[in-house]
Every structure is written in structure tokens, then in C-alpha cells.
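Asks: A predicted structure for the sequence below; I have some questions about it.
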Amino acid sequence: MPFGLAMEIRLRATAAAAMPFPLPALRNHARPCSFTGALSHSQPKPVAFHARTGAIRSPNSEVPRAHGAKMSVAVPESLLIKRTAVEVVDDLRGTSLFLVGMNCTMKTDLGKILADSLRYYYFDSDSLIQQAAGGTSAAKTFREEDEKGFQSAETEVLKQLSAMGRLVVCAGDGAVQSATNLSYLRYGVSIWVDVPLDYLANEFMVSEASSSIMSTTQETDQFTKVMNVLLRQYNKLKEGFAIADTTVSLLKVASQLGHEDLTAVTAEDMALETLKGIQKLTRVKKMMEEAGRPF
């Protein structure tokens, strides 16, 4: 990788370190949990979590009426997300979140919602490389002409971001394609955003209609082409995705909410499921720490 590009990536990735982190206004703070993997700015330590996400409860609650009767009141999902984030953020103690999975709008939107609710900074690792390379077109050319250099750039981005705290990082494909990159993900909590390939193919066909992959005029042929490309990419990456600490599945969330149409699931639905999964991780970590304490 060219030295100038490496320096540009380093400067862009570390820009947030000079900014004061936005501290969330929380009430009734719980006692912080001492995470082995909580990031510090001096000497971060990796952490490995093992847990599965929990189910989403219906966003309704029962509230008492004047004469003891009850009525169902819909709680805005944005409020549920903020409430859950308040419960999670102290125990995270600044530990960063790394979102892995096939690139899609859902993954991007989920990352931004998580960053907003936790008062974290949001980064897209691919965007950092594109900015450092001089734009999307330049980054694409860089990747085609120097694949090893591009992979080194992906590693440099993860190296810089993993040394910080209070980040939500939308990681690109390169994050799970080498042991070195996977090791950087262990400095935070990694989350696999699992989205079905046909969902991704439909999104691609809408957003990339002019791409070379869509050169045929038959829609069924176009869809088949896109699915084949995505399937090859998925098969290459799925083992790395599976190493993530927890998974948020679009299919699972849709089933829990009773949606047959996957497009009915919102990024907010996915964010609430993700926060509940993180909450389970912190609880497991606490139990492990308490079990290891001497009597």
C-alpha cells in the first residue's frame, strides 16, 4: 500500500480521537461491569463473547387507567431503543461495536441507529478507504490494480479503529478475510447482520440497474446473475461472519414480528434486536466474572 495512502487512512481514522466523546445523559446508573475487552486509548485488550440474541417483545405495554382498568398503549419503537441503549451503554464501558455481514442499506442504517442511541461515533470502513484513495472510482481502480495493497488498506483501517473506543463500525468484506483483521474485531463486540441473499439481490437490482452485471434485458436473467455473484461472495465470507460474537437475523426478526414481507422489517426493529443481544452478552459476562470471584 502506498505510504501516502496509509498516512491518509491513519489521519482520517484517528480524527475522532481528538474530539470529546458525547457522554449520554443517563439516570439511575448501574454499577459498571469490568469488561476484559473494554477499550482504552492506551492498551486495549481483546475480548471474546459467546451468546445468542434474544427475542423482540411486542412494543406494547399495559398501563393502569383511572378506575383500575387497563388499556394497551403503543410505545414508540424509538423510545424502546433509547431505553434499552441506556441499560446497555454503562456495561459496555465504551467498547466499540463492529458490524459484519454482506454490505447493504440495512446494515448501514442499523449502524447509524446504534451509534445514535448509544451516543457513539459511526464509521464505515469502506468509506474511509474511498475517502483516503480520492473517491469511489479511485478506490475501485486501486482495488482492481493492487488487490494486496487494497487489503493492506483494509487492515490499516481496522487497526486504527480498533485502538479507539465508543465507535460503531460498519466493517467491509475484508474484515473477515484474514486472521489479522479478525483479531482486530476482538477488541470490540462483533455483530453479524444476517440478511438473506434474495433480499440483497433485489436491493442491488434497484440501486445498480446500470451496472455491468445487469447487462441483459431479461429480469429473471439479471436476478440469477446477481444471485450467483452474491452466493460466491457469501460462500467466501460466511465462515468469518460466523465467528461474530452475536447475530441479528432479518429472517428471525421478521418471524418474531409476524411479517411475511421482509421489507416490512425496519432498521429500528433490527436495532432493538441487536441491543437485546448485546444486553445478553453483558449479563453473561457479569455472571462469568461473579462466578470467578473467590469466596
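Replies: All right, it came through fine. Residues are numbered from 1 along each chain as shown.

Asks: Helix, strand or coil: sort out the spatially most central residue of the chain for me.
Replies: For the chain, the residue nearest the mean C-alpha position is Leu99 (2.4 Å; CA atoms, centre = their mean). Classification of Leu99 using DSSP: H, G, I helix; E, B strand; the rest coil returns strand.

Asks: just the strands in the stretch 51-200 of the chain please.
Replies: Secondary structure of the stretch 51-200 of the chain (DSSP state E, counting those that start in this stretch): strands at 60-64, 70-74, 97-100, 121-124, 167-170, 189-194.

Asks: Quick check: which ranges of the stretch 51-200 of the chain have low pLDDT?
Replies: Where the stretch 51-200 of the chain drops to pLDDT under 70, the residues are 51-73.

Asks: and with 90 instead?
Replies: 51-78, 128-153, 173-174 (pLDDT under 90).

Asks: thought the residue nearest to the centre of the chain was touching Gly172?
Replies: No. Between Leu99 and Gly172 there is no contact under CB atoms under 8 Å: 10.3 Å. Heads up, the C-betas are built off the backbone N, CA and C, glycines and all.

Asks: Not counting sequence-adjacent ones, nearest residue to Phe241?
Replies: Trp192 (4.7 Å; CB to CB, 6 or more residues apart in numbering).

Asks: and if you look at Glu260?
Replies: Excluding its sequence neighbours, the residue lying closest to Glu260 (CB to CB, 6+ apart) is Ala254, at 7.6 Å.

Asks: contacting residues around the one you found?
Replies: For Ala254, the contact set (CB atoms under 8 Å, 6 or more residues apart in numbering) comprises Glu260, Asp261, Leu262, Ala264, Val265.

Asks: buried residues in whichever helix or strand it is part of?
Replies: Assessed by DSSP states H and E, Ala254 sits inside helix 250-257. In terms of neighbour count (16 or more other CB atoms under 10 Å), helix 250-257 has its buried residues at Leu250, Lys252, Val253, Ala254, Gln256.

Asks: Check whether the third one really touches Ala267, as I assumed.
Replies: So that's Val253. No. Shown here, Val253 and Ala267 do not form a contact pair, counting by CB under 8 Å, at 10.5 Å.

Asks: What separation do you get for Ile129 and Tyr187?
Replies: Remark: distance between Ile129 and Tyr187 (CB to CB, to the nearest Å) = 19 Å.

Asks: same question but for Met288, I mixed them up
Replies: Met288 sits 19 Å away from Tyr187, going by CB to CB.

Asks: who has more neighbours, those two?
Replies: Tyr187 (24 against 11; other CB atoms under 10 Å).

Asks: nearest residue to the more buried one other than its sequence neighbours?
Replies: Ser162 (4.1 Å).

Asks: What separation do you get for that neighbour and Cys104?
Replies: Taking CB to CB, one finds Ser162 at 23 Å from Cys104.

Asks: Show me where the chain has its helices.
Replies: Assigned helices in the chain, in chain order: 3-13, 77-92, 105-118, 125-133, 136-145, 147-162, 179-185, 197-207, 219-242, 250-257, 267-291 (criterion: DSSP state H).

Asks: which secondary structure elements does the third one contact?
Replies: When contacts are defined as 3 or more CB pairs under 8 Å, 6 or more residues apart in numbering; DSSP states H and E, helix 105-118 packs onto helix 77-92, strand 97-100, strand 121-124, strand 167-170, strand 189-194, helix 267-291.

Asks: can you rerun that using 6 Å?
Replies: For helix 105-118, the elements it packs on are helix 77-92, strand 121-124, strand 167-170, helix 267-291, judged by 3 or more CB pairs under 6 Å, 6 or more residues apart in numbering; DSSP states H and E.

Asks: With distance to Asp245 added, can I get the ones you listed in TSV?
Replies: Converted to TSV, these look like this (distance: least, CB to CB, whole Å):
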stretch	distance to Asp245
helix 77-92	12
strand 121-124	19
strand 167-170	14
helix 267-291	6
